[in-house]
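**Q** Make a model of this:
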Amino acid sequence: MNVEPSSVGATFTRVGELQRAIAQLDGSPATSATGTTEFAGVLSASDAAPTGGEHTQFAQDALAGLGAPATAENVRAIVAWARAEGTSAAFNPLATTQSMPGATSFNSVGVKNYASYRDGLTATLRTLTNGRYEPIIAALRRGGSADAVARAIAASPWGTGAGVLRVLASGG
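**A** Residues are numbered from 1 along each chain as shown. Below is the predicted model of the structure:
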């Protein structure tokens, strides 16, 4: 799939606008001094890890941070993604390698352990919005098909490959 740079730029401009609007409601800055987009306005109220093993709260928070609807299919896709990763890295259900202050290495591939839920969610959102995962974001914004999200993940540089498709096919 070829994505025109102008459409990617317009999408990220809109994401930034949404994040700034949400941050204003929350009273948090949307952009750091270095220009890095921050997601403080969309994080769950607690910095503690959500309870339960289903990653539902993480999915809902990630979707909010991406400006995507929290449909049942989108939540199902992200929960399946976390299951496909199968990681026990701290606060990092999608196994991102994004650096954050206080993060430590979980494995030799570079997956990180994060110091808090907030850090892990922020790192995941930074990774997803770094320009390499626009088809995943687009599938999530459509919100209608966990399989479409899984196909976008499989076609992306994210290391999960077809793992999410397998989890969904198994009823996950």
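
**Q** Please look at Leu140 and Ala68 and confirm they touch.
**A** Yes: the pair Leu140 / Ala68 is scored as a contact, 3.9 Å apart, by C-beta atoms under 8 Å. Quick note: C-beta positions are derived from backbone N, CA and C, even for glycine.

**Q** Go through stretch 165-172 and flag the buried ones.
**A** Leu165, Arg166, Val167, Leu168 (16 or more other C-beta atoms under 10 Å).

**Q** again with stretch 72-89
**A** Those would be 73-85, 87, 89, for stretch 72-89 by 16+ other C-beta under 10 Å.

**Q** hmm, who's touching that stretch?
**A** Residues outside stretch 72-89 that contact it (C-beta atoms under 8 Å, 6 or more residues apart in numbering): 54-56, 58-60, 62-63, 68, 93-95, 106-107, 111-114, 139-140, 143-146, 149-150, 153, 160, 163-164, 166-168, 172.

**Q** What about the residues you listed, which are in helices?
**A** Among those, DSSP state H puts 56, 58-60, 62-63, 139-140, 146, 149-150, 153, 163-164, 166-168 in helices.

**Q** Point out where this structure drops to low pLDDT.
**A** Scanning the chain for pLDDT under 70 picks out 1-54.

**Q** Please say which of Leu140 and Ala68 ends up with more neighbours.
**A** Between Leu140 and Ala68, counting by other C-beta atoms under 10 Å, Leu140 is the more crowded of the two (27 against 21).

**Q** gap between that one and Ser99?
**A** Noted for Leu140: a distance of 24 Å to Ser99, by C-beta to C-beta, to the nearest Å.

**Q** ok, Val75 to Ala68 distance?
**A** Here the criterion is C-beta to C-beta. By it, Val75 lies 10 Å from Ala68.

**Q** Output the contacting helices and strands for the helix or strand Thr127 falls within.
**A** Element membership of Thr127 [criterion: DSSP states H and E] is helix 117-128. Applying 3 or more C-beta pairs under 8 Å, 6 or more residues apart in numbering; DSSP states H and E, one finds that helix 117-128 makes contact with helix 56-66.
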